[in-house]
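Asks: With the sequence up front, the predicted model follows.
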Amino acid sequence: VCAPTATSFSLVVPGPGAPKGSTHNFIGLPEVPLDQFKCQVHYDLGLFHFVAEHYNDSFHHFTQATALFADLPANPKHCNVQGSTLQAYTNSCSGICGRSTPVPQRSLLDRFMQATSVAPNYQGVLEVLGEDDLSHSLPRYLRHKLQVDLMAAPPHTTTQGLFFQVCCHNVVRSVLEGRVWEPSFPGHLVTAGKQGALYLLQLLSAKLSQLTSQQRLSVHEFLVTLNLQEGVSGALVPPLMATASLASLFTHQQMIDMWQGVEEESQAKIMRQAMDVNHGVEAGDDASLTWELIHSHEPVALRRAVTRYTSSLQQQGSSYKDILDLNDKWDIPVPIRITLVKIPSTLHRFLISIFVAKSQELLQSKSWGESCDLLDAALKACGEVAEGDRGDGPRLYKQLTWLKLSHNIDKWITALPHTDDGGSGLASEAKLCLMSLNGREEALPWTAVISRCVMCLVNARDWEGVASILSGLQLPQPYLPPMAILRPLLAAAHILDSGNAHHSEPPFAHLWQSVVTILDHAACAPRKPTSSKSSDRQAEVLQLSELLELVYCLKEPTCLSLLCSLLGSLYNKLLGEPSAEVHTQHSHLWLNLPLCTEADLNTVRETLEAVVAHAIKFFPGADHVSEATATSWHMTAADLSYSTEEYHTALCLYLTAVFIATNYLRSDPGDDLTVMLVGDRAIRRMVRCCMNLGCYTQAGLLCQFVEPIDYSTALCCLQDRSGVDAMDAYYHCLWDVTLIEFIINAHQKKGEIHRRDAALKVIGQLEINSNNNEEIQREAAKVRKHRLLRALAKQYLS
């Protein structure tokens with residue numbers, strides 16, 4: 001078969017002896033490959049029969065063309081058939097003629113449509129989605145539509161867990177494409193639990209070998225981001241660390257960072273065991289042994305690894321360098337390190353060093369149980385040293401005991417106030433530790449241990465014990481500045497707790513002076529150049545950052561209340577504007593104290609905000625403190641937000657204070673106790689917050705809480721038509737007849753008959769009649785106050 005060209009059809013002059021007439025030149029034409037020619041002919045005949053509706057003949061020709069087209073080279077010169085078009089015609093004819101193509105031979109889109117519309121219970125859809133995760137050939141909207149359909153499908157029409165499996169495939173497709181994945185997926189993962197996390201990780205692990213370096217990076221970022229979502233870590237991290245291919249995407253430090261999301265010790269233990277199985281090597285070269293030393297956290301495995309490591313060093317004749325050099329992240333307290341240097345046994349020195357270092361490492365992730373297990377192993381190793389060559393073994397044993405006590409105190413303080421343990425046992429141990437500072441002991445606790453012991457006694461409310469013990473002890477120089485504020489703070493807290501507090505008591509003046517001095521130095525430090533003498537004086541004063549660190553260890557309500565009260569009173573005095581003052585509890589304690597201070601107003605404000613935020617974080621309600629104290633903290637925080645025009649935050653805090661003061665509406669918002677705790681000033685600020693937020697109806701109704709009712713503000717708000725809250729939606733919260741009559745009159749003038757009738761229905765209720773006795777009127781007001789406060793809480797606090 002030859003293909004004529006344009007020059008083939010030109011006229012040729014006949015030569016001598018040739019027949020007369022013109023002929024065409026078909027000599028030397030290019031030859032057409034037979035397969036291309038047949039494919040094109042079958043395709044054209046198939047089109048002809050398809051148009052003529054001879055579908056059986058058309059299917060025959062299309063089938064022949066499909067078989068020939070599969071063997072053609074890419075972009076054939078003499079065949080203009082498109083593969084997708086040919087496949088579409090073949091599928092159409094096969095459907096009409098009842099000759100279906102086997103499912104495995106169909107395109108991915110056809111198999112997807114078959115699985116979602118024809119196959120029972122979506123059979124085969126996961127295999128199709130798994131292939132498309134890498135090929136990205138299915139339209140994304142079809143996958144999303146399948147997910148939506150499964151969410152609404154009845155349980156009997158789908159297999160169990162199919163919805164979550166489809167969600168996993170869709171998220172994997174988005175991650176591999178570099179697109180934003182669905183934000184609701186973490187919630188589905190938390191619902192699915194450990195089995196769901198295992199399915200997701202198996203899905204990613206099966207595809208990991210086929211991914212590019214960029215896609216591997218996307219998978220790494222996806223898992224890190226997913227781990228940050230609330231409630232995900234406990235289910236995701238343990239199987240992740242047990243999956244070798246995925247665990248190889250993370251460094252050791254990233255693994256440690258992911259531990260922090262696992263709060264339960266049992267989960268943390270499972271995770272670390274998974275890491276040991278995944279990365280540990282029973283025996284082998286030095287690199288694998290070093291890897292096991294770095295990543296294992298089981299005392300038995302560590303002892304075995306350290307023993308092998310020490311033996312290998314002896315066999316190689318290498319110098320005994322410090323085992324802590326294997327990981328620059330490891331660190332142990334300096335006193336323990338100094339004592340360890342004097343231990344003659346290399347094995348025991350290495351064992352204790354690595355046990356203490358890994359204990360400190362686990363302390364960062366708050367894995368208290370495993371941290372104490374490692375310290376117990378260190379104490380056991382230290383006991384072995386003490387039984388052999390005595391040396392510094394007893395000193396080291398005492399230091400390790402203090403370190404374990406510090407860890408236990410950290411665990412107890414972190415659990416406060418949600419623990420039944422009063423800390424009496426730890427307080428006794430802390431006293432014994434502090435008593436070793438009397439100068440008779442060779443081994444002395446270091447500053448960090450002293451700080452933990454003192455804070456243990458403070459939070460255990462053993463204030464007299466702290467004062468009596470520390471009064472006759474020689475404290476290290478670094479701990480003198482903290483004691484300058486702790487001594488007056490504990491003395492003032494003891495007086496306040498006894499109920500005989502008066503502003504003339506010396507501890508309150510000493511506490512005031514100590515805090516003012518700290519704030520003065522914080523304000524002067526950036527401005528004034530420091531000489532040697534001034535720097536020495538500043539070294540004797542507690543830094544503001546150190547004060548905040550001390551506050552963050554405080555979980556005792558009386559001490560926190562004193563600091564909030566002092567800082568609030570100092571802020572109000574520096575402000576000098578009564579209308580902008582913040583609420584303070586026990587403000588009478590600081591009335592006649594001097595204000596000679598260079599403290600910056602913003603510094604005082606930021607310090608007050610930090611202390612109040614810390615108090616509210618751990619005591620959000622009146623479960624562990626009195627209603628007056630909890631209400632006071634929220635009122636202070638609300639006033640601070642109000643002064644910076646953060647009206648929404650301020651309104652939320654004011655509402656929270658009202659709910660705490662009323663015991664969550666179990667008492668009347670208008671009774672004497674609630675009025676004393678909250679006051680009209682807070683209600684007026686709530687009104688201003690609502691007005692600034694554009695909720696004028698809410699502001700007008702809140703004016704009913706003020707005694708006497710602020711009619712001028714209420715009527716102004718109810719007349720405003722620019723509000724964003726629905727006016728008639730709050731009519732059932734009205735109880736003042738004057739305001740109801742004003743609303744009825746306003747609707748009548750504007751021709752708003754429907755709203756007028758709604759207001760008339762409210763005023764027609766018998767319990768709000770002004771002729772009723774006071775008890776009935778008070779009960780009616782109470783019911784409507786609760787109704788309004790619940791509506792506001794639903795909008796602002798939910």
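Replies: Happy to help now that I have it. Fair warning: this is a prediction, and the values are worked out from it, not measured in the lab.

Asks: Same question for residue 721, what's its three-state structure.
Replies: coil (DSSP: H, G, I helix; E, B strand; the rest coil).

Asks: can you list contacts of stretch 619-629?
Replies: Stretch 619-629 is contacted from outside by 417, 557, 560-561, 585, 630-631, 633, 656, 660-661, 663, 677, using Cβ atoms under 8 Å, 6 or more residues apart in numbering. All C-beta spots, glycine's among them, are computed from the backbone N, C-alpha and C.

Asks: Let me see the confidence value for the residue nearest to residue 569 when sequence neighbours are not counted.
Replies: Spatial nearest neighbour of residue 569, excluding adjacent residues (Cβ to Cβ, 6 or more residues apart in numbering): residue 590 at 4.1 Å. pLDDT recorded at residue 590 is 86.

Asks: give the contact list for residue 590.
Replies: Residues near residue 590 by Cβ under 8 Å, 6+ apart: 503, 508, 512, 565-566, 569-570.

Asks: Roughly how far does it sit from residue 757?
Replies: 56 Å (Cβ to Cβ, to the nearest Å).

Asks: same question, residue 97
Replies: Relative to residue 757, residue 97 is positioned 71 Å away (criterion: Cβ to Cβ).

Asks: rewinding a little: drop the exposed ones from the contacts of residue 590 and show what's left.
Replies: 508, 512, 565-566, 569-570 (16 or more other Cβ atoms under 10 Å).

Asks: quick one: which of those sit in helices?
Replies: Those of the buried ones among the contacts of residue 590 mapping onto helices are 508, 512, 565-566, 569-570, per DSSP state H.

Asks: Please report the distance of the residue nearest to residue 569 from residue 228.
Replies: Remark: distance between residue 590 and residue 228 (Cβ to Cβ) = 43 Å.

Asks: Kindly report the same for residue 516.
Replies: Distance of residue 516 to residue 228, computed by Cβ to Cβ: 41 Å.

Asks: and these two? which has more neighbours close in?
Replies: The neighbour count for residue 516 versus residue 228, taken as other Cβ atoms under 10 Å, is higher for residue 516 (20 against 12).

Asks: Which of the helices or strands spans that one?
Replies: Assigned by DSSP states H and E, residue 516 falls within helix 506-524.

Asks: quick one: average confidence on stretch 514-529?
Replies: Averaged across stretch 514-529, the pLDDT comes to 75.

Asks: ugh, wrong one, stretch 573-585
Replies: The average pLDDT within stretch 573-585 is 88.

Asks: mind saving the C-alpha coords of stretch 223-236 as CSV?
Replies: Taking C-alpha atoms only, stretch 223-236 is exported to CSV below (Å, rounded to 0.1, in the frame of the first residue of the first chain):
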residue,chain,number,x,y,z
LEU,A,223,2.3,13.4,59.7
VAL,A,224,3.9,16.2,61.8
THR,A,225,0.9,18.5,61.2
LEU,A,226,-1.6,15.7,61.9
ASN,A,227,0.2,14.9,65.2
LEU,A,228,-0.4,18.5,66.4
GLN,A,229,-4.2,18.2,66.2
GLU,A,230,-6.0,17.6,69.5
GLY,A,231,-6.5,14.0,70.5
VAL,A,232,-4.5,12.5,67.6
SER,A,233,-1.1,11.8,69.2
GLY,A,234,-2.3,9.0,71.4
ALA,A,235,-3.5,6.9,68.4
LEU,A,236,-1.0,8.0,65.8
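
Asks: chain center to that stretch: distance?
Replies: Averaging C-alpha positions (Cα atoms, centre = their mean, to the nearest Å) puts stretch 223-236 9 Å from its chain's average.

Asks: before we move on, what about stretch 42-54?
Replies: The answer for stretch 42-54 is 64 Å, by Cα atoms, centre = their mean.

Asks: What's the separation between residue 74 and residue 83?
Replies: Per Cβ to Cβ, residue 74 is found 10 Å from residue 83.

Asks: With residue 743 instead?
Replies: Counting by Cβ to Cβ - residue 743 and residue 83 are separated by 74 Å.

Asks: Neighbour count for those two, which is higher?
Replies: The neighbour comparison of residue 743 against residue 83 (other Cβ under 10 Å) goes to residue 743, with 27 against 11.

Asks: wait, that one sits on residue 758?
Replies: No. Residue 743 is not in contact with residue 758 according to Cβ atoms under 8 Å; the separation is 9.3 Å.

Asks: anything in contact with each of these two?
Replies: Common contacts of residue 743 and residue 758 (Cβ under 8 Å, 6+ apart): residue 731.

Asks: What does residue 410 show for phi and psi?
Replies: Backbone torsions for residue 410, taken as degrees, to the nearest 10, come to phi -60, psi -40.

Asks: make that residue 31, sorry
Replies: Dihedral angles for residue 31 - degrees, to the nearest 10 - are phi -90, psi 140.

Asks: Can you report how many residues lie near it?
Replies: Residues near residue 31, counting by other Cβ under 10 Å, number 10.

Asks: Next one, pLDDT for the nearest residue to it once chain neighbours are set aside please.
Replies: Distances taken as Cβ to Cβ, 6+ apart place residue 2 nearest to residue 31, at 5.6 Å, with adjacent residues excluded. pLDDT, residue 2: 76.

Asks: Next, the contact list for residue 2, please.
Replies: By Cβ under 8 Å, 6+ apart, the contact list for residue 2 reads 26, 29-32.

Asks: Please apply the same query to residue 347.
Replies: When contacts are counted by Cβ under 8 Å, 6+ apart, residue 347 touches 306-307, 310.

Asks: please redo it, this time with the cut-off set to 10 Å
Replies: Going by Cβ atoms under 10 Å, 6 or more residues apart in numbering, residue 347 touches 303, 306-307, 309-311, 314, 381, 384-385.

Asks: got CSV for those, with neighbour count too?
Replies: As requested, those are exported to CSV (neighbours: other Cβ atoms under 10 Å):
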residue, neighbour count
303, 18
306, 25
307, 13
309, 20
310, 19
311, 11
314, 12
381, 25
384, 15
385, 23
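
Asks: before we move on, the earlier item: among the contacts of residue 590, list the two that are farthest apart in space.
Replies: Across the contacts of residue 590, the longest distance by Cβ to Cβ is 14.2 Å; it joins 503 and 570.

Asks: Let me see the contact set for residue 541.
Replies: Neighbouring residues of residue 541 by Cβ under 10 Å, 6+ apart: 481, 484-485, 514, 517-518, 520-522, 525.

Asks: Let's see that with 8 Å instead.
Replies: Residues near residue 541 by Cβ under 8 Å, 6+ apart: 481, 484, 517-518, 521.

Asks: Check residue 563 too.
Replies: Residue 563 sits in contact with 489, 515, 551, 554, 611, where contact means Cβ under 8 Å, 6+ apart.

Asks: now, the most widely separated pair of the residues you listed?
Replies: Every pair of those checked by Cβ to Cβ; the farthest is 515 and 554, at 13.8 Å.

Asks: roughly how far apart are residue 69 and residue 418?
Replies: 72 Å.

Asks: Give me the more crowded residue out of these two.
Replies: For the pair residue 69 and residue 418, the greater number of neighbours falls to residue 69 (22 against 9), based on other Cβ under 10 Å.

Asks: Surely residue 351 and residue 306 touch.
Replies: Yes. Using Cβ under 8 Å, residue 351 is in contact with residue 306, at 5.3 Å.

Asks: quick one on the thing from earlier: between the contacts of residue 2, which is closest to residue 181?
Replies: Closest to residue 181, out of all of these and judged by Cβ to Cβ, is residue 32, at 51.7 Å.

Asks: My read is that that closest one contacts residue 4, right?
Replies: No. Applying Cβ under 8 Å as the test, residue 32 and residue 4 come out as separate, 10.3 Å apart.

Asks: and those two? which has more neighbours close in?
Replies: residue 32 (15 against 12).

Asks: what residues are up against the more buried one?
Replies: Residue 32 sits next to 1-3, 78 when contact means Cβ under 8 Å, 6+ apart.
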